[in-house]
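Asks: model this:
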Amino acid sequence: MKLKGIFAPLTVPFAADGSVDHASLRANVERYNRTPLHGYVLNGSTGESVLLRWDEIYEIWETAKSAAAPGKVLIAGTGAESTPETIAHTARAAALGYDYALVRTPSYFKPLMTVEAEAEHFLRVADASKIPILLYSIPIFTGYAVEAPLVARVAHHPNIAGLKDSSGNVPRIAEIVAAGGPRFQVLVGSAATLEPSLEKGATGAILAVACALPDLCCELFAAHNSGDAALAKSIQNRLRAPSDILVSKNGIPGLKYALDCLGYAGGAPRPPLLPVGNSAKKEIQDAIAGFAVAAPIGD
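Replies: Alright, predicted model coming up:
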């Protein structure tokens, strides 16, 4: 299965009592089914993964799996600090029918997270998993970036399919593509550097802004894929401002507010995250002005 295209790391709507709103999650997935998105990531950073209990995460996986259209690739974030726990979560995702597991770098014992330790972690998870795994590098949260030497240590494993890199570092993408070889697939997590990353050999992206603007993100990928570099660069320029304001500046609360404005179920983030204030709301509204507004949930 090729990881080629744009994936949305789905947000999690919450009900008024703070529980997961599965009906709204299902409605969002059903709307995304009608977009060109290649697939969905559940329990990524954009899904507020560290603020969820694992029993909630398993239920979210079940809801998304039942709502996803045939052909949409499903990726489950299964990473935990310990290797045994990661293996257990990955087994659960496989049993539910997910296609890939996204395994973040353990980071709590950061000084001891050497290339050797991280490589051993990923290789053990890959050995035990019934589905392919993707390494997940998100240094803004973990303080640890996957570099080319680690990729070179693990890319030979037949059950390690590739990497999601959210650093936005285009030279690093080029180094990782070279270190991983032709079978190793690299997805990027930075919309601001999507087009140049694709030029360096990335096969696609997992983008938070794709939750709000799936068609625009997919248009950029399609333009690149067809060889229309000028159009891809033009769309990259259009994407830059909403990505910066919705994601980089206002984070998950800002993205969720944008989803509300666009007719999806966004809602409030889970504490300790706070909803965006009025000034941020105005800025977000301006950033998405001119983009198509989705029909209200239920239509």
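
Asks: so residue 252 touches residue 10, yeah?
Replies: No - Residue 252 lies out of contact with residue 10 (Cβ atoms under 8 Å); the separation is 11.6 Å. Where you see a C-beta, it was placed from the backbone N, CA and C, and this is true even at glycine.

Asks: residues bridging contact with the two, i.e. touching both?
Replies: Jointly contacting residue 252 and residue 10 under the rule Cβ atoms under 8 Å, 6 or more residues apart in numbering are residue 46.

Asks: where does residue 40 fall, helix, sheet strand or coil?
Replies: strand (DSSP: H, G, I helix; E, B strand; the rest coil).

Asks: I'd assumed residue 29 was in contact with it.
Replies: Yes - taking contacts as Cβ under 8 Å, residue 40 lies within contact range of residue 29: 6.9 Å.

Asks: For these two, indicate the residue with more neighbours.
Replies: A count of neighbours by other Cβ atoms under 10 Å puts residue 40 above the other of residue 40 and residue 29, at 27 against 21.

Asks: pLDDT at that one, what is it?
Replies: pLDDT, residue 40: 98.

Asks: and if you look at residue 296?
Replies: pLDDT, residue 296: 38.

Asks: I'd like the distance from the closest residue in space to residue 166 that isn't next to it in sequence to residue 236, if you could.
Replies: Leaving out its chain neighbours, the residue that sits closest to residue 166 by Cβ to Cβ, 6 or more residues apart in numbering is residue 189, at 3.1 Å. Distance, residue 189 to residue 236, by Cβ to Cβ, to the nearest Å: 15 Å.

Asks: The two: who's more crowded?
Replies: residue 189 (27 against 20).

Asks: residues contacting that one?
Replies: Neighbours of residue 189 in contact, by Cβ under 8 Å, 6+ apart: 138, 164-166, 168, 205-208.

Asks: could you redo the last one with a cut-off of 10 Å?
Replies: Neighbour list for residue 189: 7, 9, 41, 44-46, 136-138, 140, 164-168, 197, 205-208, 247 [criterion: Cβ atoms under 10 Å, 6 or more residues apart in numbering].

Asks: okay, and for this protein, where does confidence drop off?
Replies: 1, 292-299 (pLDDT under 70).

Asks: What segments of it are helices?
Replies: Along the chain, counting by DSSP state H, helices occupy 22-32, 54-67, 83-95, 115-128, 139-142, 148-154, 170-180, 194-199, 214-225, 229-243, 251-261, 278-288.

Asks: related to what we said a few turns ago, hmm, which of the contacts of residue 189 are the buried ones?
Replies: 7, 9, 41, 44-46, 136-138, 164-168, 197, 205-208, 247 (16 or more other Cβ atoms under 10 Å).

Asks: rewinding a little: which one of the helices of the chain lies closest to residue 109?
Replies: Evaluated over those, closeness to residue 109 peaks at helix 115-128, with 8.5 Å, by Cβ to Cβ.

Asks: Dump the helices of the chain to a markdown table, plus distance to residue 109.
Replies: Output for these, formatted as a markdown table (distance: least, Cβ to Cβ, whole Å):
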| stretch | distance to residue 109 |
| --- | --- |
| helix 22-32 | 34 |
| helix 54-67 | 21 |
| helix 83-95 | 12 |
| helix 115-128 | 9 |
| helix 139-142 | 11 |
| helix 148-154 | 16 |
| helix 170-180 | 23 |
| helix 194-199 | 30 |
| helix 214-225 | 35 |
| helix 229-243 | 33 |
| helix 251-261 | 26 |
| helix 278-288 | 35 |
